[in-house]
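J.: here is a sequence together with a model predicted from it:
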Amino acid sequence: MKTQFSDTQLSQILDQSLIYQCACPAQVAKHIIGLRDLFAYQQSCLNQTDTDAAVHKCIAADAQRAHAILETCLHEVLVLEQWDMHTLKMPVSLQKTPRTI
Amino acid sequence: MNSPIHPASIKTSKPQNIGIIIVDSSSYTRSLLVERLARIEGCFLHAHDNISLLGSTPLPSTTGILLLNHHTTDTPPFKFLERIKQDQPSLHVFVIVSPGTQRKIFQPLHQAGHISSLIEKPIDPDALAKQIQVELARQSQSRQLNSEHLNLLRFLPTGGLRRIFKHPEPGHAELFDMAVMFTDIRDSSRHIAQFSAQEYFARLNRTLGEQARLIRAYDGMVVKTTGDGLLAVFEGAARCHLALRCAHAIQAIPRIDEIEIGIGISNGLVLTGILGTHEHLHFDVIGAHVHMASRLCSLAQGGEILSTQDTATRARFEFITAPIAENIQVRGFTTPVACAHIQTHQKEPS
């Protein structure tokens, strides 16, 4: 599976967002990770019949397509929100204002 | 950073004293967690940026929940998580991780029970707060039940004494062979003057609670508290041995605010029974050996254990005994009784 973002980069995006209310990119990152898991699962699934093989191939192919679309989406969203694309740091302007501790 | 935060909403009249420790290396996400959890009633929060700051010592006993928000750039604290659950099995450990690879590396610890709840990012803070509230309520109830259970155990009769409680009628009494133990705080007037009444009671309660726990651990039964001390009895063939071992364990408790305890022990026939009226019943023990134990207790200096020589001999105790120079005359005994000072160090193996 071709990837634009590594697992570590996706985790970093999730780390910074933490909560749903300020985590639209994190939502996308989570689904990309889910699609990677789905793809990996299809690769290792047992093929006992021809139908099995066809099913796994179909799911894997569509997971790859969905993955590519969501990665592009994530890239666009990060650019729109003005994340630092090198460090993948969330811009301060997007952070909620928590209580000072 | 290490900052205790007391949610303003905690009602001081109903403290539950359950601590939540939050560990999160990012100040931003840490403050998001603190902000949301500070709204939960009945707990107090400590926030740390680094798990190593918690050190290698056990967490405070009031800690009920550890919440770790793991970041991909953090070193996974596997050893810490393994140790902390071994040290404090009742601790509920929440770990928040990214899905995928990060979750997978923590999954074995979750399966092994070192992590109680493994939560994927992004989280719903209200759902997390609700989970924590449920856990706090469970722990609070469990602590209350434990406390009530211990309180009841302190007074539950052991062995043959149960017969007395099967017929709790005023005047129901039986003779039992028992070891009788009195404990008492030495120089309590000085302590009372030193602390406020409330502080002294809190210290007294801790001291007596610890003694009662040990008495139960050595199969004894607390008959009653006697102001600054306790009256306890031990039954069965090993009663003298258990009573002396228990007394030794009580003297080995680290002293709270220099509070010293004297202990007296005797052994023999004791009349046990239910005293009072139907409106107010209580269990008590009466007899010459109760007087003897009480007398020995009053003679014992802080940190000392005095017993009758007969008790010490029957105990086949592995600690050194030294006869007391004078024989002690107590009412109920026709002749003076030989007594011994039980040393608090062990005999050399022969």
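T.: Great, that's in hand.
J.: which SSE is B:His110 in?
T.: Assigned by DSSP states H and E, B:His110 falls within helix B:101-111.
J.: quick one: that helix to chain centroid distance?
T.: Distance of helix B:101-111 from its chain centroid, counting by C-alpha atoms, centre = their mean, to the nearest Å, is 35 Å.
J.: same question for stretch A:7-25.
T.: 10 Å.
J.: start to end distance for it?
T.: 14 Å (C-alpha to C-alpha, to the nearest Å).
J.: one more: stretch B:19-34?
T.: 13 Å.
J.: quick check: buried residues in it?
T.: For stretch B:19-34, the neighbour count (16 or more other C-beta atoms under 10 Å in any protein chain shown) marks B:19-26, B:28-34 as buried. Any C-beta I mention is one placed from the backbone N, CA and C, and that applies to glycine too.
J.: same check on stretch B:306-323?
T.: Buried-residue list, stretch B:306-323, by 16+ other C-beta under 10 Å: B:306-308, B:310-312, B:314-315, B:317, B:319, B:321.
J.: what does that stretch contact?
T.: Stretch B:306-323 has contacts (C-beta atoms under 8 Å, 6 or more residues apart in numbering or on different chains) with B:179, B:240-241, B:243-245, B:247-248, B:262-268, B:292, B:296-297, B:299-300, B:324, B:337-347.
J.: skipping adjacent residues, who's closest to A:Leu10 in space?
T.: Of all residues not flanking A:Leu10 in the chain, A:Ala29 sits nearest, at 4.4 Å (C-beta to C-beta, 6 or more residues apart in numbering or on different chains).
J.: where in chain B is pLDDT low?
T.: Applying pLDDT under 70 to chain B picks out residues B:1-16, B:56, B:146-170, B:256-257, B:277-281, B:317, B:319, B:325-326, B:344-350.
J.: give the contact list for the nearest residue to B:Asn69 once chain neighbours are set aside.
T.: Once flanking residues are discounted, B:Asn69 sits nearest to B:Asp24: 4.0 Å by C-beta to C-beta, 6+ apart. By C-beta under 8 Å, 6+ apart, the residues touching B:Asp24 are B:30, B:33, B:47-49, B:68-69, B:71.
J.: any idea how far B:Ile51 is from B:Asp24?
T.: B:Asp24 sits at a distance of 10 Å from B:Ile51 (criterion: C-beta to C-beta, to the nearest Å).
J.: what touches both of the two?
T.: Residues touching both B:Asp24 and B:Ile51 by C-beta under 8 Å, 6+ apart: B:Leu68.
J.: just checking, A:Gln16 touches B:Thr29?
T.: Yes: counting by C-beta atoms under 8 Å, A:Gln16 sits close enough to B:Thr29 to count as a contact (7.2 Å).
J.: what does the helix or strand containing B:Ala193 rub up against?
T.: In the assignment (DSSP H and E), B:Ala193 maps to helix B:188-194. For helix B:188-194, the external contacting residues (C-beta under 8 Å, 6+ apart) are B:185, B:200, B:203, B:227-228, B:257, B:259.
J.: let's see it at 6 Å
T.: B:200, B:228 (C-beta atoms under 6 Å, 6 or more residues apart in numbering or on different chains).
J.: do the same with stretch B:228-242
T.: B:158-159, B:178-185, B:188, B:211, B:215, B:218-224, B:243, B:267, B:285, B:311, B:314-315.
J.: give the burial count for B:Phe176, as a bare number.
T.: Residues contacting B:Phe176 under the criterion other C-beta atoms under 10 Å in any protein chain shown number 20.
J.: how about the helices of chain A, start to end?
T.: A:7-17, A:24-44, A:50-80 (DSSP state H).
J.: check which helices and strands the shortest one is in contact with.
T.: Meaning helix A:7-17. Applying 3 or more C-beta pairs under 6 Å, 6 or more residues apart in numbering or on different chains; DSSP states H and E, we find helix A:7-17 packed against helix A:24-44.
J.: please state the offset of the helix it packs on from the chain centre?
T.: 6 Å.
J.: got the angle between it and helix A:50-80?
T.: For helix A:24-44 against helix A:50-80, the angle by axes from the mean of the first three to the mean of the last three C-alpha atoms, to 10 degrees is 160 degrees.
J.: give me the buried positions along helix A:24-44.
T.: A:24-39, A:42.
J.: dump the helices of chain A to JSON lines, plus distance to B:Ser98 and mean pLDDT.
T.: Below are these laid out as JSON lines (distance: least, C-beta to C-beta, whole Å; pLDDT from 0 to 100):
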{"stretch": "helix A:7-17", "distance to B:Ser98": "4", "mean pLDDT": "89"}
{"stretch": "helix A:24-44", "distance to B:Ser98": "7", "mean pLDDT": "92"}
{"stretch": "helix A:50-80", "distance to B:Ser98": "14", "mean pLDDT": "94"}
